[in-house]
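Colleague: pasted the sequence and its predicted model underneath.
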Amino acid sequence: MIKATHELHERRKSRNFGVGLVLIGLIAVVFALTVVKVTRGDPMQAFDHVVRPELEIAE
Amino acid sequence: MADLSINTPSDYEPSFGDYVALLKPRVMSLVVFTALVGLLVAPGSLHPIEAFAAILFIALGAGASGALNMWYDADIDAVMRRTAKRPVPSGRVAPGEALAIGIGLSGIAVVMMALATNLFAAGLLAFTIFFYAVIYTMWLKRLTPQNIVIGGAAGAFPPMIGWAAVTGDVSMASILMFALTFTWTPPHFWALALFTKSDYGDAGVPMLTVTHGRRTTRVHILAYTIAVAGVALALALTEVGGPITITIAVVLNSMFLLGAVRIWKRDDAAAEADNYLAERRFFKLSLYYLFLHFAALLADAALRGVMA
C-alpha cells in the first residue's frame, strides 16, 4: 500500500488549494463586474454578423 | 551558458509559493501603488468593482511580464548571486512552465482589462508587457548600458494605464506621471551600482559603471536628476497637482539635486574614504522620493474631493 504522506503530496495539496482559490477569485471578479455593468445598463450586445439596428447611434 | 541541470531535481514539483515568486511580487507592489494613484487622480470615476478589477489586472499583467523575464533570463539569473534563487534558475519551476504562465496570464490580464474598463487601457497594458518582455528583456538588456533607462520605461507605464482605465485617453498629466518614474529610475539604480559590488559583468550584462566608467555614471546621475526635478515640478503644476504636490516637489527635488551634485563632485577615492556615504544617502532618499511624490498626488486629489 502506498502511504500518501510524502512531502511532495503536501506541496501538491497546497498548490492545488492555492490554484483553486485563485480560480474562485477570478469567478467572483467576473461575476461582480457583470452585475455592475448589467445594473448600470451598459450595452450587452455587440456588432456581429447580424444587423443590430438598436446599436446604431441615433442621428 | 550556465549548466542548469545540476540544480534541477527531476521529481520536484513547484509549490504555490514558487508560482507567486515567478510574478515578482515586490515589483508588483510598486506597480499597484502607482497604477492606483493614476486611477484615482484621473478626472471621472469608475465603479469601485471596476477600479478593483483594473488594478488587479494591471498587477497580473506586470506579474506575467515578470514570469516571461524569468523564463528568458534564467541563464544570467543563475550566474548572479542576487537572482540565483529565483524559481527558474534554482530549478523549482521548469522554463517551459514559466513561459506558459507568462503568456497565459498576459492574455487573461489584457482581455479582462478590456472587458473591465476599455480597449485603450487594455492596449496600453499589452504594450507594456511587450515592452518589458521583448524590447527590454530579450533585446536591449544585454546590448546596451542604457538598459536601466529602458527597463525604467516599462516600470513607468502603470500610472498611465490606471489613468487610461478611467478616461480612455492619455493627457499631459498622465505622460508626466510616466516621465516621473522613467527619469527617476536611472539615478536610483546607478547610485546603487556605485556602492554595491554587482556581478552583472560575470553574467555579461553591460552596466554603465563597467562599460563607461564610474565618472560617466556620476555625470549621468546628475543629468537624470535634473531631468526628474523638471518633470516633478511640471507634474505639480498640472491639473492633478496642488499645494501638497508642489511643496513635496520643491522640498524633495532640492534634496535630490543636492545629493546628485555631491555625487557628481567627488571621485571614488573620496567615496571610499567615507564608505560611499553620499551615494548611500542619495539611494535611500530615492526610495522615499517616488513614494512621496505619488502619495502627494493622492493627497491633493483627496483635498480637492473635500473642497468640492
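Modeller: On my side now, so go ahead.
Colleague: ok, now which ones touch B:E13?
Modeller: A:L8, A:R11, A:R12, A:R15 (C-beta atoms under 8 Å, 6 or more residues apart in numbering or on different chains). Quick note: C-beta positions are derived from backbone N, CA and C, even for glycine.
Colleague: er, B:A35 actually
Modeller: For B:A35, the contact set (C-beta under 8 Å, 6+ apart) comprises B:A54, B:I55, B:I58, B:A59, B:P158, B:P159, B:I161, B:G162.
Colleague: who's in contact with B:Y289?
Modeller: Contacts for B:Y289 (C-beta under 8 Å, 6+ apart) come out as B:W184, B:H188, B:L252, B:F256.
Colleague: if I pick the residue of chain A found nearest chain B, what's in contact with it?
Modeller: Closest to chain B within chain A is A:G18: 3.2 Å, counting by C-beta to the nearest C-beta. By C-beta under 8 Å, 6+ apart, A:G18 lies in contact with B:F16, B:Y19.
Colleague: any buried residues in the helix or strand where it lies, and which?
Modeller: Per DSSP states H and E: A:G18 is located in helix A:7-40. Across helix A:7-40, burial judged by 16 or more other C-beta atoms under 10 Å in any protein chain shown covers A:R11, A:R12, A:R15, A:V29, A:A32, A:L33, A:V36, A:K37.
Colleague: ok now it, how far from the chain's centre?
Modeller: 8 Å (C-alpha atoms, centre = their mean, to the nearest Å).
Colleague: again, but for stretch B:85-97
Modeller: Taking C-alpha atoms, centre = their mean, one finds stretch B:85-97 lying 23 Å from the centre of the chain it belongs to.
Colleague: could you find the closest non-adjacent residue to the residue of chain B found nearest chain A?
Modeller: With C-beta to the nearest C-beta, the shortest gap between chain B and chain A falls at B:F16, namely 3.2 Å. Sequence neighbours aside, A:G18 is the residue nearest to B:F16 in space, at 3.2 Å (criterion: C-beta to C-beta, 6 or more residues apart in numbering or on different chains).
Colleague: give me every residue in chain B lying close to chain A.
Modeller: Contact residues, chain B versus chain A (C-beta under 8 Å from any C-beta of the partner chain): B:11, B:13-16, B:19, B:47, B:49-50, B:52-53, B:56, B:112, B:115-116.
Colleague: 7 Å instead?
Modeller: B:E13, B:P14, B:S15, B:F16, B:H47, B:I49, B:E50, B:A53, B:L56, B:L115, B:A116 (C-beta under 7 Å from any C-beta of the partner chain).
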